[in-house]
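A.B. asks: no FASTA, just this:
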């Protein structure tokens with residue numbers, strides 16, 4: 001049954017939400033029993049899978065820092081942003097470049113509730129409740145038009161979102177739309193569940209599909225193909241923990257590189273640029 005928040009937004013507590021399950025796996029508190037039930041399947045039946053969420057989040061923050069410190073880009077669109085956690089895109093970007101502007105996009109109404117709280121704290125941040133499969137609606141949304149200047153380079157972030165878009169929904173067309181909307185010098189970050197061709201991969205994909213009715217793991221080659229027409233920057237499409245690990249202090253926690261677990265290899269990351 002859906003409940004109305006004080007803001008007049010309807011949130012269904014009886015159906016699991018991708019954003020809230022992800023929040024639970026990251027140790028957040030913005031989730032319900034139905035979300036924790038699904039999250040516990042991963043924790044109990046797929047031990048180690050929680051590392052995927054942390055590996056992805058860490059790669060995202062490193063990518064934002066990379067863009068903010070090495071380019072002149074001061075505009076970010078975070079598609080499928082999820083619920084706020086530590087080191088959100090606006091916090092990382094504005095730490096390095098306070099004038100950075102960020103538009104968050106997510107279909108989950110609870111994200112909008114938190115977004116309104118963000119608006120009270122940060123005038124260069126907007127949150128839009130919209131579907132990533134409707135890029136035109138996102139592009140023409142009044143909040144996007146107010147904050148983002150499409151005559152200047154933009155960073156478009158596809159963090160752990162396109163594996164929720166099935167093949168028949170044409171995820172490549174979504175990326176292509178944004179590629180065509182932004183000028184040369186724009187950047188694209190992507191993280192995506194990758195096919196591991198093992199029992200862990202197959203079970204994690206099954207749980208996601210059974211719960212949400214969607215989900216598509218892809219190979220590194222298929223992930224790279226989503227960025228067609230863009231220049232994929234070094235080190236290419238790699239497991240998320242291996243994407244620029246030198247940008248964080250002691251990324252392995254023990255002072256020396258180690259072999260990644262099968263779970264850490266199930267999320268890939270890459271950064272591309274429009275030439």
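C.D. replies: Received the coordinates, thanks. Fair warning: this is a prediction, and the values are worked out from it, not measured in the lab. Numbering: from 1, shown residues only.
A.B. asks: quick one, helices of the stretch 101-250 of the chain?
C.D. replies: Taking DSSP state H, counting those that start in this stretch to define them, one finds helices in the stretch 101-250 of the chain at 109-121, 135-139, 142-147, 171-181, 199-212, 220-226.
A.B. asks: now the fourth one: how far from the chain's centre is it?
C.D. replies: Taking CA atoms, centre = their mean, to the nearest Å, one finds helix 171-181 lying 16 Å from the centre of the chain it belongs to.
A.B. asks: now the fifth one
C.D. replies: Using CA atoms, centre = their mean, we find the averaged C-alpha position of helix 199-212 to lie 19 Å away from the chain's own average C-alpha position.
A.B. asks: what's it in contact with?
C.D. replies: Residues outside helix 199-212 that contact it (CB atoms under 8 Å, 6 or more residues apart in numbering): 16, 18, 38, 41-42, 45-46, 49, 52, 164, 193, 195, 214-217, 262-263, 266. The way it works is simple: take the backbone N, C-alpha and C, and place the C-beta from them, glycine included.
A.B. asks: show the subsequent helix or strand relative to the longest helix seen in the chain.
C.D. replies: Ordering each helix of the chain by length in residues (DSSP state H) puts helix 50-70 first. Next along the chain after helix 50-70, taking DSSP states H and E as the criterion, comes strand 75-79.
A.B. asks: can you give me the angle that following strand makes with helix 50-70?
C.D. replies: With axes from the mean of the first three to the mean of the last three CA atoms, to 10 degrees applied, the angle from strand 75-79 to helix 50-70 works out at 160 degrees.
A.B. asks: show me where pLDDT drops low in this protein?
C.D. replies: Across the chain, the stretches falling below the confidence threshold (pLDDT under 70) are 1-13, 47, 84-86, 114-116, 118-120, 213, 246-258.
A.B. asks: report the central residue of it.
C.D. replies: The centre of the chain sits closest to residue 159, judged by CA atoms, centre = their mean, with a distance of 2.2 Å.
A.B. asks: I'd guessed that one sits against residue 80; true?
C.D. replies: Yes - between residue 159 and residue 80 there is a contact at 6.7 Å, judged by CB atoms under 8 Å.
A.B. asks: what do these two both touch?
C.D. replies: Shared contacts of residue 159 and residue 80, defined by CB under 8 Å, 6+ apart, are absent.
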